[in-house]
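Asks: My questions are about this predicted structure, shown below with the sequence.
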Amino acid sequence: MSSAALIVALVVGLVALASGGWGLWLWWRFDARSSYWIAVRFTQLGALALALLAAAVWIDGEKPASWLFWLYSLMPVGISLIAEQLRLIAAEQVLERRGLSGAAEVADLDEAGQRGVVREIVRREIGVMATAAMVIAFLALRVTVERGGL
């Protein structure tokens, strides 16, 4: 189980690092690519796989030397859930900042104004998810360090 923990944690860490780096690059460039969301979902699946691995370690009866193994293994799922909630709030924040009450008022804007609102919302969402991916990468790679105690 020890080698499985290392392999899964490394793969999750690298996928999350790549996803986070790509997201930060897209955020920086104001670039909204729909393919980025596939990378985000792979990162979230990796976080789930890491939590399931921790459950398998617990069921198998192995006792890591440090409680940090559990924290680093389970926390990425929580980070993913929090990031999704923040992503949902992004649209509300952008609309509120622009003095718009909802989609109906956005529809009243000219085409350039509508694109601006949508672009700002997507940029904010990408920033949130890229940050979450970087945190997940850190936690997953920390599992590889803590895994030594398995």
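Replies: Nice, thanks for sending it over. These figures come from a predicted structure and were not determined experimentally.
Asks: can you pull out the helices in the chain?
Replies: Using DSSP state H, the helices assigned to the chain run over residues 2-29, 36-60, 68-97, 103-108, 111-146.
Asks: comparing those, which gets the lowest mean pLDDT score?
Replies: Among the helices of the chain, helix 103-108 carries the lowest mean pLDDT, a mean of 82.
Asks: in that one, what counts as buried?
Replies: Across helix 103-108, burial judged by 16 or more other CB atoms under 10 Å covers Val106. The way it works is simple: take the backbone N, C-alpha and C, and place the C-beta from them, glycine included.
Asks: got the CA coordinates for that helix in CSV?
Replies: The C-alpha coordinates for helix 103-108 follow below in CSV (Å, rounded to 0.1, in the frame of the first residue of the first chain):
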residue,chain,number,x,y,z
ALA,A,103,-28.8,38.0,-16.4
ALA,A,104,-31.8,40.1,-17.6
GLU,A,105,-29.8,43.3,-17.1
VAL,A,106,-26.7,41.7,-18.8
ALA,A,107,-28.9,40.9,-21.8
ASP,A,108,-29.8,44.6,-22.0
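Asks: elements contacting it?
Replies: helix 111-146 (3 or more CB pairs under 8 Å, 6 or more residues apart in numbering; DSSP states H and E).
Asks: what's the angle between the helix it packs on and helix 36-60?
Replies: With axes from the mean of the first three to the mean of the last three CA atoms, to 10 degrees applied, the angle from helix 111-146 to helix 36-60 works out at 30 degrees.
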